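Asker: here is a sequence together with a model predicted from it:
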Amino acid sequence: MLKRILILLLLAHCGVAFAQEKEKSGNPIFPGWYADPEAKIFGNTYWVYPTYSAKYNEQVFMDAFSSTDLVHWTKHPHVIDSSMVKWVKRAMWAPAVTKKDGKYYLFFGANDIHDDQKEIGGIGVGVSDNPAGPFKDYLGKPLVGKIYNKAQPIDQFVFKDDDGKYYMIYGGWGECNIVQLNNDFTGFVPFKDGETFKKITPKDYVEGPVMFKRKGKYYLMWSEGGWTGPDYRVAYAIGDSPIGPFKRIATILKQDMAVATGAGHHSVINIPHTDEWYIVYHRRPLGETDGNHRVTCIDKMYFDADGTIKPVKITVEGVSARTIK
C-alpha cells in the first residue's frame with residue numbers, strides 16, 4: 001500500500017513538472033484577427049497593442065492584451081477608438097506605445113491618406129494614465145498630417161535612446177523617415193543639419209519600421225513584400241546612430257509553408273537586464289486567402305556572436321512561460 005502511494009505521488013509530481021515545462025503560449029497568442037503588433041513591457045507586465053485586422057472602414061478602434069507570463073493573455077477592448085479621436089474615420093493602424101513622465105502615449109496611423117492637400121489624416125497621438133487606456137486624443141489633430149520624402153504617414157515606431165531622446169521612425173510606400181520628438185510630443189526637434197524629416201530608407205524597405213539598441217549598435221528592422229501576400233517578410237540593418245546609415249543585411253522572418261505564410265510587421269521585446277529577446281509579429285494561417293485574416297504570434301529571437309540576427313524559426317507552439325522579476 002505504501003509503495004503504491006509513493007508511486008502515485010511520484011507520478012503526480014512528474015505530471016506537474018511536465019506540465020510546467022511544456023506550458024507554452026501557442027501561436028497565435030490570443031484569438032481574433034489582429035496584425036501589426038506593438039509589444040512592450042511596463043513594470044512586470046507584457047503588453048501587445050495590435051491593429052484590428054478588418055476592412056478599412058471597420059478599423060476605427062484598437063484593443064490591447066496584457067500578460068505576466070507570455071502564456072495567459074487578458075483582453076482590454078477599445079483602448080482607443082474614433083469616439084475618442086474625432087478626426088479618425090477609418091484605417092486605424094499599427095499602434096506604437098511609450099511611457100514618459102508617468103503618462104502612456106499611443107501613436108497611431110489613421111485614414112490612409114494619399115493626398116495631404118485634400119485629406120485629413122496621418123499619424124495621431126493618444127494619451128492615458130494607464131497602459132490599458134482609455135487613450136484620449138492628445139493633439140486634436142494629426143502629429144504628422146503631411147507627406148514628407150514620399151513616405152505615407154503610417155506605421156510609426158517610437159524609440160527612446162540612452163540619452164533620453166525620443167525618435168519616431170515611420171513610413172509607407174517604400175520610404176522611411178525619422179524625426180526627433182520634442183519634450184512633450186507635440187512636435188519635433190530639427191537635426192543638426194537643419195532637417196526635421198530625415199530619410200533613412202534602406203534597400204527593399206516597404207513599411208513597418210522597428211528600432212532597438214543592443215551593445216551600442218542601432219538595429220533598424222522593417223517589412224518587405226506585399227502585406228496581403230505570402231512573401232511578406234522582415235529584414236534588418238545595423239547602424240552606429242539612429243539616423244544610420246543603414247545597409248540591408250538579411251531577411252530574418254518569413255513564411256514557412258509547414259506553419260504559416262505572410263509573416264511580418266513585427267516588434268521586439270527584451271527582458272530587462274538580460275540578452276533574452278522575443279519577436280512578436282503577425283502571420284496568415286495556412287489555407288487563408290483573405291488578406292485581413294492575420295493573427296498575432298511570438299517566437300524567440302537570437303543573435304550570433306558578431307551581433308547579426310539569426311533567422312527566426314516560426315512555430316506553432318510559441319514560447320515558454322516567462323515572468324519578469
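Answerer: Nice, I can see it.

Asker: can you give me the strands in the stretch 1-150 of the chain?
Answerer: Assigned by DSSP state E, counting those that start in this stretch, the stretch 1-150 of the chain shows strands spanning 34-42, 45-52, 61-67, 74-81, 93-100, 103-110, 122-128, 136-137.

Asker: pLDDT on the last one, on average?
Answerer: For strand 136-137, the per-residue pLDDT values average out at 98.

Asker: in its sheet, what does it sit against?
Answerer: strand 122-128 (antiparallel) (DSSP bridges).

Asker: ok, Pro242 touching Val158?
Answerer: No - assessed by CB atoms under 8 Å, Pro242 is found out of contact with Val158, at 11.7 Å. To be clear about C-beta, it is placed using only N, CA and C from the backbone, and glycine gets the same treatment.

Asker: need the residues touching each of those two.
Answerer: When contacts are counted by CB atoms under 8 Å, 6 or more residues apart in numbering, Pro242 and Val158 are jointly contacted by Tyr167.

Asker: still on that earlier bit, quick check: which of the strands of the stretch 1-150 of the chain is nearest to Val280?
Answerer: strand 34-42 (3.9 Å; CB to CB).

Asker: do you know how far the closest residue in space to Lys40 that isn't next to it in sequence is from Tyr104?
Answerer: With CB to CB, 6 or more residues apart in numbering as the criterion, Lys40 has its nearest non-adjacent residue at 4.7 Å, and that residue is Trp47. With distances taken as CB to CB, to the nearest Å, Trp47 is found 9 Å from Tyr104.

Asker: need the residues touching each of the two.
Answerer: The contact sets of Trp47 and Tyr104 overlap at Val97, Pro131 (CB under 8 Å, 6+ apart).

Asker: skipping its backbone neighbours, what lies nearest the residue nearest to the spatial centre of the chain in space?
Answerer: The chain has Glu38 as the residue nearest its centroid, 2.6 Å off, counting by CA atoms, centre = their mean. Closest residue in space to Glu38, ignoring its immediate chain neighbours: Tyr49 at 4.4 Å, by CB to CB, 6+ apart.

Asker: could you give me the buried positions within the strand ranked longest in the chain?
Answerer: Determined from DSSP state E, the single longest strand within the chain is strand 260-270. Of all the residues in strand 260-270, those buried under the rule 16 or more other CB atoms under 10 Å are Ala260, Thr261, Gly262, Ala263, Gly264, His265, His266, Ser267, Val268, Ile269.

Asker: since that was my last question, I'll sign off now.
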